[in-house]
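Trainee: coords please:
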Amino acid sequence: MAPAGTSATSPAPEPTPSSNPAEAITPELNPAVRINAALRKGDKNGALKIADEFLVDHPRDAQVRFLRAVVLGDLNRQEDAAAALESLTQDFPELPEPYNNLAVIRANQGKFAAAEHYLQLAIAARPNYVTAQENLGDLYVSMAAASYEKAVRLAPGNGTLKTKLNLTRELSGKLRTAR
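Mentor: This is a model prediction of the structure:
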């Protein structure tokens, strides 16, 4: 079960001058601009190609690496996206966005403990990071629903558990539509 309403992606991380050689490039040549333009056109493979080509000469560019991970996720290459995000967290542990996106991937896989861990790391990196705080709340609702589902299987006649399960499912549905 995926967390209700969990944001699939964060905005691209704010690059530091040393991590973003793309800043010195004119807008029409800026790879982040070109990647986003390709995505707006629905050309995910083209966006990935732009990122890959740029990263050959600029492997430490945090923004393009993050966008590449987002594109991989959009291409349903979740483990490749997770690996790219893991690499970003190792090179740039101060950026909360990769942790947040890793959390979303793991939550969608039902790996709630890992998702919670990554969200806590995102919040530690930036305590006022609203997206991670919101996703943590959504994750907790999903974790509660999963626990109630297990409890109902163990005690199918328990009406209180069924009521709680229904309430968490209702809340999950409302959280999804609140986006």
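
Trainee: where in the protein is pLDDT low?
Mentor: Applying pLDDT under 70 to the chain picks out residues 1-28.

Trainee: and the longest helix for it?
Mentor: Using DSSP state H, we find that the single longest helix of the chain is helix 130-154.

Trainee: Does anything pack onto that one? Which helices or strands?
Mentor: helix 96-108, helix 112-125, helix 159-177 (3 or more CB pairs under 8 Å, 6 or more residues apart in numbering; DSSP states H and E). Placement of C-beta: from N, CA and C, glycine included.

Trainee: can you give me the angle the longest one makes with helix 130-154?
Mentor: Between the axes of helix 159-177 and helix 130-154, defined by axes from the mean of the first three to the mean of the last three CA atoms, to 10 degrees, the angle is 150 degrees.

Trainee: And the second one, by the same measure?
Mentor: For helix 112-125 against helix 130-154, the angle between stretch directions is 160 degrees (the same axes, to 10 degrees).

Trainee: Could you pull out the buried residues of helix 112-125?
Mentor: Phe112, Ala114, Ala115, Glu116, Tyr118, Leu119, Leu121, Ala122, Ile123, Ala125 (16 or more other CB atoms under 10 Å).

Trainee: That'll do, ta.
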